[in-house]
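Asks: sequence-free structure coming up:
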């Protein structure tokens, strides 16, 4: 697998573009344009690094089948860069305990919205790569800010799409407070008796007349890897660990 610079995202095809440590040895995590002699060459924020890289959009487009604009590149990198090592330390949210005290609010926002939003928007991907979004009832069970369980119909289009492609996202929105949280990850379709029993509630026979063993009743288990929230007129991406 080709290495990627964990600062600017540049592919590093061979050691000639590896950065160097303080002792002169090669550093395979960062490229020579970002890291030299054990130090980063740019004292900047993640957004500033993205703006810096965006000036090379012409070079990026040479390797793409369909050219993108500078604005499209910046938008894509704001999703991609939080996964790079240099920027993760400051924007990682631990599901068990916050790794960075400054981000305690992120975990609280996700948890509160998941517990209070009556509706959750979920998205799947069809066989042509297009997203499909629908409104669902709020999660039946939440485990931290990583795992969420929903009920749905086994024979639905959504289930068929998740079985073919587990990539998914869920979105919570508070229109009055102008707050939104998007979580990205994977969706599993579960039909085992234990999981179905775990989230079954009185009154569900209205939707599934056959009860907990109804073949048209199944569980969607969403596992988040990262996300983005908007609060106080400020957007922020984060990684969940």
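Replies: Received the coordinates, thanks. Since we're looking at a predicted model, the values are computed, not measured.

Asks: so after the helix or strand hosting residue 122, what's the next helix or strand?
Replies: Assigned by DSSP states H and E, residue 122 belongs to strand 119-125. Downstream of strand 119-125, the first helix or strand assigned by DSSP H and E is strand 131-137.

Asks: Give the pairing partners of the next helix-or-strand element following that next one; include direction for each.
Replies: Sequence-wise, the next helix or strand downstream of strand 131-137 (DSSP H and E) is strand 141-143. Sheet pairing here is set by DSSP bridges, and for strand 141-143 it gives strand 147-153 (antiparallel).

Asks: Buried residues, the partner strand. List them.
Replies: 147, 148, 149, 150, 151, 152 (16 or more other Cβ atoms under 10 Å). The C-beta positions use only the backbone N, C-alpha and C, and glycine is treated the same way.

Asks: can you redo those residues as JSON lines with pLDDT and distance to residue 131?
Replies: Output for the buried residues of strand 147-153, formatted as JSON lines (pLDDT from 0 to 100; distance: Cβ to Cβ, whole Å):
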{"residue": "147", "pLDDT": "96", "distance to residue 131": "22"}
{"residue": "148", "pLDDT": "97", "distance to residue 131": "18"}
{"residue": "149", "pLDDT": "98", "distance to residue 131": "22"}
{"residue": "150", "pLDDT": "97", "distance to residue 131": "17"}
{"residue": "151", "pLDDT": "96", "distance to residue 131": "22"}
{"residue": "152", "pLDDT": "96", "distance to residue 131": "17"}
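
Asks: Make JSON lines from those and add distance to residue 209 to it.
Replies: Shown next, in JSON lines, are the buried residues of strand 147-153 (distance: Cβ to Cβ, whole Å):
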{"residue": "147", "distance to residue 209": "29"}
{"residue": "148", "distance to residue 209": "26"}
{"residue": "149", "distance to residue 209": "21"}
{"residue": "150", "distance to residue 209": "19"}
{"residue": "151", "distance to residue 209": "14"}
{"residue": "152", "distance to residue 209": "16"}
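
Asks: Tell me what residue 125 is bridged to.
Replies: Here residue 125 sits in beta bridges with residue 131, as judged by DSSP bridges.

Asks: ok, it - how many residues close by?
Replies: Residue 125 has 17 neighbouring residues, counting by other Cβ atoms under 10 Å.
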